[in-house]
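Student: Task: produce atomic coordinates for the following.
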Amino acid sequence: MGNLFCCVQVDQSTVAIRERFGKFVDVLEPGCHCLPWFLGHQLAGHLSLRLQQLDVRCETKTKDNVFVNVVASIQYRALANKADDAFYKLTNTRSQIQAYVFDVIRASVPKLNLDAAFEQKNEIAKAVEDELEKAMSAYGYEIVQTLIVDIEPDVHVKRAMNEINAAARMRVATNEKAEAEKILQIKRAEGEAESKYLSGLGIARQRQAIVDGLRDSVLGFSVNVPGTTAKDVMDMVLVTQYFDTMKEIGAASKSSTVFIPHGPGAVRDVASQIRDGLLQVLNRIAHRDKEAETKSLLKLKLALNLSNVPADTSKARSVPMEIRELPPLTAEKFATGSYLLKGFRISPIPPATAAKTFSHCSSTC
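Tutor: Take a look at the predicted model:
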């Protein structure tokens, strides 16, 4: 009907391209326009000036060889003053923009590691926007904004990243828990140390009071009861304390105390055992010294060629003492055989052998 009366309507945010016999004439703004079709005027088409969005999914590889899908959203619109360029110069605007996005993303992402790609999403979007702005402005389009919506790595890579993150957080949590337990143990140890210190002070004061009371009791009992000695009083006090202790142990229902010994005369038995043990140790030491002296006497017999060595070790024990009391032994006296020991006699030997034996004896003895 509009063509019948040579009138056309252009909607808001839209422009129309008018041609005459197939040649571009002008751009029609929104409103009603007269197109005398019989003079060769016609509408070539309409061009929307509204903001449009194109989502582009691009698969690429990062610097650390991880394949990712980068999703970019391109917001663009046609310029009213360049509507003829936008209408005539591009056949498929969306394919053209998609090609530029692929080119920029596949040139930028391979320079970055996976973590860096996530951190530098804005830089990648800025690079895509700058490249599209330079390319599409010549075709009458304006790039309003470019957004990197998502970077999707492979499912296995994503799972591995989550495990790494979980392990790192678990390590931090473990360290924090260990530090908390350390602080708790330190505070508990400090509390126990303070408790033991105060308990020790209490025990010391208690024992001091007991000692003072015992001293007063002993002195008072000795004065009031003639003929008693301090030992009698102490024996009585010890027996009293013994029965008090046995009473306290028996009164507890869940006592873990083992009272050893259980008889009043056990103290004397313990003292006897300690004394017998010390005597056994001393006897072993004396026996070992006696054997050492016997071995020394045998070595002396071999060196000096002695005869009539007594088998009784009691006589042998006096030999070293008698040797120390004799005048110095010389090689001449040793060779003549006139040098006498108490209970021994040195057999005469040749001078050369005597000198050799004497020197050997001097060095070994």
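Student: Next, the residue nearest the centre of the chain: phi, psi?
Tutor: Nearest to the geometric centre of the chain sits N175, at 7.6 Å (C-alpha atoms, centre = their mean). Main-chain dihedrals, N175, degrees, to the nearest 10: phi -60, psi -40.
Student: Any figure for the gap between A138 and L35?
Tutor: According to C-beta to C-beta, to the nearest Å, A138 stands 30 Å off from L35. Backbone N, C-alpha and C define where each C-beta goes, glycine included.
Student: If you count surrounding residues, which of those two has more?
Tutor: Neighbour totals were compared for A138 and L35, and L35 leads with 22 against 11 (other C-beta atoms under 10 Å).
Student: residues in contact with the closest residue to the more buried one other than its chain neighbours?
Tutor: Once flanking residues are discounted, L35 sits nearest to H41: 4.4 Å by C-beta to C-beta, 6 or more residues apart in numbering. Neighbouring residues of H41 by C-beta atoms under 8 Å, 6 or more residues apart in numbering: 18-20, 25, 35.
Student: any idea which of those residues has the most stuff around it?
Tutor: L35 leads the contacts of H41 on contacts (other C-beta under 10 Å) with 22 neighbours.
Student: could you point out where this structure is predicted with low confidence?
Tutor: 1-5, 222, 225, 227-231, 233-234, 252-271, 274-275, 278, 299-365 (pLDDT under 70).
Student: can you give me the strands in it?
Tutor: 7-10, 14-20, 23-28, 31-34, 41-48, 52-61, 67-78, 141-153, 340-341, 344-345 (DSSP state E).
Student: Tell me how far the third one lies from the chain's centre.
Tutor: This means strand 23-28. Centre-to-centre, strand 23-28 and its host chain are 79 Å apart (C-alpha atoms, centre = their mean, to the nearest Å).
Student: Now do the buried residues in it.
Tutor: 25, 27-28 (16 or more other C-beta atoms under 10 Å).
Student: mind putting those in TSV, distance to T93 included?
Tutor: Formatted as TSV, these follow (distance: C-beta to C-beta, whole Å):
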residue	distance to T93
V25	23
V27	17
L28	20
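Student: Return the member of the residues you listed nearest to K89.
Tutor: V27 (14.2 Å; C-beta to C-beta).
Student: Could you pull up the contacting residues of the residue nearest to I74 when sequence neighbours are not counted?
Tutor: What sits nearest to I74 in space, not counting adjacent residues and going by C-beta to C-beta, 6+ apart, is L54, at 4.6 Å. L54 makes contacts with 73-74, 76, 94, 97-98, as judged by C-beta under 8 Å, 6+ apart.
Student: Same question for A138.
Tutor: A138 sits next to 85, 89 when contact means C-beta under 8 Å, 6+ apart.
Student: mind running it again at 10 Å?
Tutor: Residues in contact with A138 (C-beta atoms under 10 Å, 6 or more residues apart in numbering) are 82, 85, 89-90.
Student: circling back to that earlier point, save the strands of the chain as JSON lines, and put in distance to D244 too.
Tutor: Formatted as JSON lines, those follow (distance: least, C-beta to C-beta, whole Å):
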{"stretch": "strand 7-10", "distance to D244": "118"}
{"stretch": "strand 14-20", "distance to D244": "112"}
{"stretch": "strand 23-28", "distance to D244": "119"}
{"stretch": "strand 31-34", "distance to D244": "119"}
{"stretch": "strand 41-48", "distance to D244": "108"}
{"stretch": "strand 52-61", "distance to D244": "89"}
{"stretch": "strand 67-78", "distance to D244": "85"}
{"stretch": "strand 141-153", "distance to D244": "81"}
{"stretch": "strand 340-341", "distance to D244": "70"}
{"stretch": "strand 344-345", "distance to D244": "70"}
